[in-house]
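Asker: what would the 3D arrangement of this be:
(4 chains)
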There are 4 protein chains.
Amino acid sequence: MIVVMKSGTPVIEIERLSQEILRWNIIPEKCVGVHKTVIGLVGDTTALNPQEIQKLSPFIEQVMRVNKPFKRAALEFRNGEPSEVLVSTPNEIVAFGQNYPIVSVAGPCSVEDEEMIVETARRVKAAGAKFLRGGAYKPRTSPYAFQGHGESALNLLAKAREVTGLGIVTEVMDTADLQKVASVADIIQIGARNMQNFSLLKQVGAINKPVLLKRGMSATIEDWLMAAEYILAADNPNVILCERGIRTFDRQYVRNTLDLSAIPVLRSLTHLPIMVDPSHGTGRSEYVSAMTKAAIAAGADSLMIEVHPNPSLALSDGAQSLTPNQYDELMQEISPIAQIFGRWSKKFPIPTAYCALPMQQMAQKV
Amino acid sequence: MIVVMKSGTPVIEIERLSQEILRWNIIPEKCVGVHKTVIGLVGDTTALNPQEIQKLSPFIEQVMRVNKPFKRAALEFRNGEPSEVLVSTPNEIVAFGQNYPIVSVAGPCSVEDEEMIVETARRVKAAGAKFLRGGAYKPRTSPYAFQGHGESALNLLAKAREVTGLGIVTEVMDTADLQKVASVADIIQIGARNMQNFSLLKQVGAINKPVLLKRGMSATIEDWLMAAEYILAADNPNVILCERGIRTFDRQYVRNTLDLSAIPVLRSLTHLPIMVDPSHGTGRSEYVSAMTKAAIAAGADSLMIEVHPNPSLALSDGAQSLTPNQYDELMQEISPIAQIFGRWSKKFPIPTAYCALPMQQMAQKV
Amino acid sequence: MIVVMKSGTPVIEIERLSQEILRWNIIPEKCVGVHKTVIGLVGDTTALNPQEIQKLSPFIEQVMRVNKPFKRAALEFRNGEPSEVLVSTPNEIVAFGQNYPIVSVAGPCSVEDEEMIVETARRVKAAGAKFLRGGAYKPRTSPYAFQGHGESALNLLAKAREVTGLGIVTEVMDTADLQKVASVADIIQIGARNMQNFSLLKQVGAINKPVLLKRGMSATIEDWLMAAEYILAADNPNVILCERGIRTFDRQYVRNTLDLSAIPVLRSLTHLPIMVDPSHGTGRSEYVSAMTKAAIAAGADSLMIEVHPNPSLALSDGAQSLTPNQYDELMQEISPIAQIFGRWSKKFPIPTAYCALPMQQMAQKV
Amino acid sequence: MIVVMKSGTPVIEIERLSQEILRWNIIPEKCVGVHKTVIGLVGDTTALNPQEIQKLSPFIEQVMRVNKPFKRAALEFRNGEPSEVLVSTPNEIVAFGQNYPIVSVAGPCSVEDEEMIVETARRVKAAGAKFLRGGAYKPRTSPYAFQGHGESALNLLAKAREVTGLGIVTEVMDTADLQKVASVADIIQIGARNMQNFSLLKQVGAINKPVLLKRGMSATIEDWLMAAEYILAADNPNVILCERGIRTFDRQYVRNTLDLSAIPVLRSLTHLPIMVDPSHGTGRSEYVSAMTKAAIAAGADSLMIEVHPNPSLALSDGAQSLTPNQYDELMQEISPIAQIFGRWSKKFPIPTAYCALPMQQMAQKV
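Answerer: All right, here's what the predicted structure looks like:
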């Protein structure tokens, strides 16, 4: 953080201000120029708010943040090395990260009944998915819309996991449901609307399950990384970021604007793996294929795609779901693109160092 | 909801579609024109999603919503009459609503210690406030920033209530804290970041405390009323809407863009009382006065303003807080403006019908 | 502008960079601290782009602008004094500015025929307007929509001016039409869509007519002031800024989001007078009254309101126009509000120093 | 357009309204249902504004547009066939369109001097570009920033065209410069800030040069297609749409948010070719490569990329320019991706029917 003093600030005021700053365990480092004095703040300034510092003295011209406000999520925290999130599923250990093949997650918006979820799981597995997604608890704009089958849907997900060996990704909306969700999910999803539900972030940080953190509808890149920082700071290092479209002025033909530039931007700021959800990102099944391909080309580490056996009868989000056949076709189409980037394979090796460890320990180690 | 069929749709397809619609207990009403057939959906269409209906037939040209998706929040639900939210405080019963004086809520962002909160309460009461605001649980972008003093802060709020007789407005962030917060708060605040925390909305709907529902940062008017609908549908009719600024492309000089046009728009859509928070709405104390006056002129029923005894030392949001003296001055300045609209008085009568009832019953009755 | 060097930057690189900076006639002022060196750029940095400086050396950590990029539009340019824009109309000299009564501008979106424009002029004059607005050249989203009657409409405006003595405000869309428009208009309007039509800005800067500069739909406050700077830098000091709503994510109930916080923000940055257009700002006549009142309370110097004798038959923007009766009523309602701020009068004195001068000289002098 | 009448509307009012509608040469087609009457408007409704129709009767519940407001830009206008824009350059005739290889356009933001522009042209040609871009007239936010060398820069572009045989793309900002620009440019660019400069659109529509129409910063897809419609309606069919990033709430790490979903959305709405500009779209050279690849995968027909021999010394937009070496490398990297989609070749055949025609006629014929 840098504090620029107005021209002609009395020396005594600079002294007074320096003393105030010291009270916060921050070292004020004066750079005295001919016209202006600039005070650099040395120390952990992550908790400081530039606007609040501004109030400390009427002689302050401007306060500017130089360092990023996130620390554990920062690329520097791992010396520029991408992190990998390893997830143990019945079939295999799956790694999310920049040095691994693209991981496909697919499934319906909501879990509706056993037949549909097991059948969908089978189909997406056959197409190459490693994880089944499916909502048990659904955040719906309207209280009159289908809210998810809750606990019974969790049981159906467990069943689909057992039958297919796929990992399970499902959303938690309330701290009260966390244990139940965690008992079934291999990856716990925090939805866009809860990205700044800080109580929930702290609690998923306190358990040792991988977390999929969706970007909030109007979250800046920095807001999003700070939300991840909540989980990391609570000592859960297994966070995957998921871009799912932001809210802009144009919502006539798409539900959200999928911000693919977030991928290279995040790469330059953080070590965390990046997933893209083109289904929510556009809200329309006819645009999913183009945006999936674009996401791969932009460098995504993972893809989340909605698949429903009969989208026109879906209890939620049918308009953005692919049929199993469409998903199959899409997976075939994206294979050569992902191969160009060296990121496609049905089988890929996990670092042997991890293989002997049970998942809990692994997660701690990563 | 209206379904427009493409020209030349076979009669048999219209029949098939009508049968599908009937399965949802909605009556399809055909309007057959020379070129096109239009199907009106009669019944409770609040839970239907236009995009999902679109998928029912390839012959559908467009699906359009005619009715509002909110019902209890709609102005029509009260036949065009504004609702009033009555809140019992130690000093008096305070009414929020279009036919009552403007209600002032003031206080610090966070409760810091007993002296500061009690002293602030005294000062804002003297200036004319009816409620003290103060955060015990604070949603902060950074996990390293001050998170609020939690339960002990609730005790300090109770103390300030006892000393001054002011009502208390404080935020709940987690369903797990709801009972504790409700035991102290006269009005429970749902913050912008939790506006679509549907679990929390359902639970505040299930108790009988007035709820202050802040608008989410990128919530449309309709999203916001649907969030209110969650509370109303759970049978708590005492909801106050609070505009606190939305996120736009320009954030250089203000933290948010205070959307005052929300006031007349809400008036034309809902019966619920409307509060405005110019402190968060601008994020800068120097703009609070102008925007407070504008909010009154636009028709706000209530104002929430941050006041801190020493903003430059505030643990949070100091940049947007007024000093008690500034608040005092502001209250004097706004008095003649509010008087023009017939909405200013230190004392105002509550309908006698309510006066004999204990608060719980009153809330149910309103 | 401040350039922060990375820790450990070689002294020789700082020297090299300083030489580069000197080539631009900017003096680099080093502030050497224990950990970091900061270089302050002293001189006219308005034309420098921080991102371009960043590229000068890989050792630059960050480049930050300290001064505003606008100069003549800045409040400091007039030592904190508001400027006044004096406009000579047949009836009187009208002053726009913070120390003058609120100036009302009213009239239809487009000039349709002689009867309607003259009649509207009479009605708005009777209600207290000082200027008639009316479009001869209309920027319309669709090429198939009515495009304005062009030159013949200018003649009708001249007629209305002659009959009523009101000043005329009308829009220019093309440099080729500027002379024609300037021959009739007392104030030349630059519309929102042309706010960054820099050729047009330069040319209206080169003539000596007052200019009404509407804010672009997604223009930041800084973009807008830079657009004003184009006109000021071309030596036309008579610029009035007009807020008319910005584009945000919510456009269901309003056409634009009227950003009233722009008023106090502009007050803290510029000396130029500020107008508000609640008609375009909301796009709906039923919201105009509330937002007009709010604009006054927020400190607007002038109001532009659409009035049409028969809105339902208007060739453009009928949905946002008031009838003459509604306008009359509104002017009566706003009078007491403006009076509280000491900004209402039918007659007000113009500084005598100006009164003897013909308009051209006056404009130059202001 | 569909007009939904309120329940209980008197038959006589429906008759009156139908007569009003007939006056506009639109046929009102009544669909009488049990509860409601719906009036379909049959005829050319492109010029009608739903909000204005609403005003025709207090019994109107809602007015909804069914058809698109654009006609010549619509995919239906060509029966679902993509259009091709053929441009004659000294080297060859280049086709832009969905059935042709991706066309690369590259060059500096501004033309600085002969050596730099000719050298850049040579380098981008060697890398595979078919067109040189370079600004002679530059729209700059600040009046103090470099404004382009104007006419003399046009001469330098002509020189570079002569030397390399590349086609020239350059921007026109003012109708007064159109002839000069058209005498050098093979494709005339309309910049984002002028996308709704309707005078300019009409004039480029009136000449027979291909036009590159950049999307405005806050233009919806529909606004953009309506701007294209201005050019098409003036009888110039050779329009290429260029996505260059939109303005959103997050501008910290990118200058604009590149909206790649615009590509599949446009494909479903229009026959016009689509270009993407990842340089302006991100504003940062380090993100250009990822977004270029994503644009290809999303289906772009053409790419515009900024290349400057020495970005750190560029007079404008250096931060987003690649060096010639970086461009070379990028072109090699994208080749396999474009090949997957069958859209890469150094040579490709032009339909022979066109080959004998001089360009002017060709353009008319296309």
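Asker: would you map the helices across the stretch 101-250 of chain A?
Answerer: A:114-127, A:151-164, A:178-184, A:198-206, A:221-233 (DSSP state H, counting those that start in this stretch).
Asker: so which of those helices gets nearest chain D?
Answerer: Of all the helices of the stretch 101-250 of chain A, the one in closest proximity to chain D, counting by C-beta to the nearest C-beta, is helix A:221-233 (5.7 Å). In this view, the C-beta of every residue, glycine as well, is placed from N, C-alpha and C.
Asker: which of the residues in the closest one are classified as buried?
Answerer: Buried residues in helix A:221-233, defined by neighbour count with 16 or more other C-beta atoms under 10 Å in any protein chain shown: A:221-233.
Asker: how far is that helix from where the chain is centred?
Answerer: 9 Å (C-alpha atoms, centre = their mean, to the nearest Å).
Asker: by contact count, what packs against that helix?
Answerer: Applying 3 or more C-beta pairs under 8 Å, 6 or more residues apart in numbering or on different chains; DSSP states H and E, one finds that helix A:221-233 contacts helix A:198-206, strand A:211-214, strand A:239-243, helix A:262-269.
Asker: ok, now which ones touch residue A:7?
Answerer: A:35, A:36 (C-beta atoms under 8 Å, 6 or more residues apart in numbering or on different chains).
Asker: can you check residue A:212 too?
Answerer: A:169, A:187, A:188, A:189, A:190, A:240, A:242, A:275.
Asker: try 10 Å
Answerer: With contact taken as C-beta atoms under 10 Å, 6 or more residues apart in numbering or on different chains, residue A:212 is in contact with A:85, A:96, A:105, A:131, A:133, A:169-171, A:185, A:187-191, A:204, A:238-242, A:273, A:275, A:277, A:302, A:304.
Asker: still on that earlier bit, so for residue A:125, which of the helices and strands packed on helix A:221-233 sits nearest?
Answerer: strand A:211-214 (19.0 Å; C-beta to C-beta).
Asker: pairing partners for the closest one, with directions?
Answerer: The strands beside strand A:211-214 in its sheet (DSSP bridges) come out as strand A:187-190 (parallel), strand A:239-243 (parallel).
Asker: what's the most buried one of those strands?
Answerer: Most buried of these, by mean neighbour count (mean count of other C-beta atoms under 10 Å in any protein chain shown): strand A:239-243, with a mean of 27.
Asker: related to what we said a few turns ago, tabulate the buried residues of helix A:221-233 (CSV), appending pLDDT.
Answerer: As requested, the buried residues of helix A:221-233 are exported to CSV (pLDDT from 0 to 100):
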residue, pLDDT
A:221, 97
A:222, 96
A:223, 97
A:224, 98
A:225, 97
A:226, 96
A:227, 97
A:228, 98
A:229, 96
A:230, 97
A:231, 97
A:232, 97
A:233, 95
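Asker: out of those residues, which is nearest to residue C:44?
Answerer: Of the buried residues of helix A:221-233, the one sitting nearest to residue C:44 (C-beta to C-beta) turns out to be residue A:222, at 32.0 Å.
Asker: ok, that closest one to residue D:253 distance?
Answerer: 8 Å (C-beta to C-beta, to the nearest Å).
Asker: find residues that contact each of those two.
Answerer: Common neighbours of residue A:222 and residue D:253 (C-beta under 10 Å, 6+ apart) are residue A:269.
Asker: give me the beta-bridge partners of residue A:40?
Answerer: Beta-bridge partners, per DSSP bridges, of residue A:40: residue A:2, residue A:29.
Asker: burial of it, as a residue count?
Answerer: 23 (other C-beta atoms under 10 Å in any protein chain shown).
Asker: surely it meets residue C:61?
Answerer: No. Counting by C-beta atoms under 10 Å, residue A:40 sits too far from residue C:61 to count as a contact (11.2 Å).
Asker: look at residue A:305 and give its secondary structure.
Answerer: Using DSSP: H, G, I helix; E, B strand; the rest coil, the structure places residue A:305 in strand.
Asker: for residue A:188, see how far away it is.
Answerer: Residue A:305 is 19 Å from residue A:188, by C-beta to C-beta.
Asker: try residue A:115
Answerer: On the measure of C-beta to C-beta, residue A:115 and residue A:188 end up 26 Å apart.
Asker: list the residues that contact the nearest residue to residue A:222 once chain neighbours are set aside.
Answerer: Spatial nearest neighbour of residue A:222, excluding adjacent residues (C-beta to C-beta, 6 or more residues apart in numbering or on different chains): residue D:252 at 6.3 Å. Applying C-beta under 10 Å, 6+ apart to residue D:252 gives the contacts A:220, A:221, A:222, A:265, B:251.
Asker: the lengthiest helix in chain A vs helix D:324-340, what angle?
Answerer: For chain A, the helix with the greatest residue count under DSSP state H is helix A:324-340. Inter-element angle recorded for helix A:324-340 and helix D:324-340: 140 degrees (by axes from the mean of the first three to the mean of the last three C-alpha atoms, to 10 degrees).
Asker: quick one on the thing from earlier: tell me the SS of the residue nearest to residue A:222?
Answerer: Classified using three-state DSSP, residue D:252 is coil.
Asker: if we can go back for a sec, just send the helices and strands packed on helix A:221-233 back as a markdown table, with distance to residue C:293 too.
Answerer: Shown next, in a markdown table, are these (distance: least, C-beta to C-beta, whole Å):
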| stretch | distance to residue C:293 |
| --- | --- |
| helix A:198-206 | 38 |
| strand A:211-214 | 41 |
| strand A:239-243 | 42 |
| helix A:262-269 | 42 |
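Asker: mean pLDDT added to these, as a markdown table?
Answerer: Below are the helices and strands packed on helix A:221-233 laid out as a markdown table (pLDDT from 0 to 100):
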| stretch | mean pLDDT |
| --- | --- |
| helix A:198-206 | 96 |
| strand A:211-214 | 98 |
| strand A:239-243 | 98 |
| helix A:262-269 | 97 |
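Asker: and chain A, which residues reach chain C?
Answerer: A:2, A:4, A:27-40, A:42, A:61-62, A:64-67, A:217-218, A:246-252, A:257 (C-beta under 10 Å from any C-beta of the partner chain).
Asker: how about 6 Å then?
Answerer: Within chain A, the positions adjacent to chain C are A:4, A:29, A:31, A:33-34, A:36, A:38, A:40, A:62, A:64, A:66, A:247, A:249 by C-beta under 6 Å from any C-beta of the partner chain.
Asker: can you name the two of the residues you listed that are farthest apart?
Answerer: Farthest apart among the residues of chain A next to chain C - using C-beta to C-beta - are A:34 and A:247, which lie 47.5 Å from each other.
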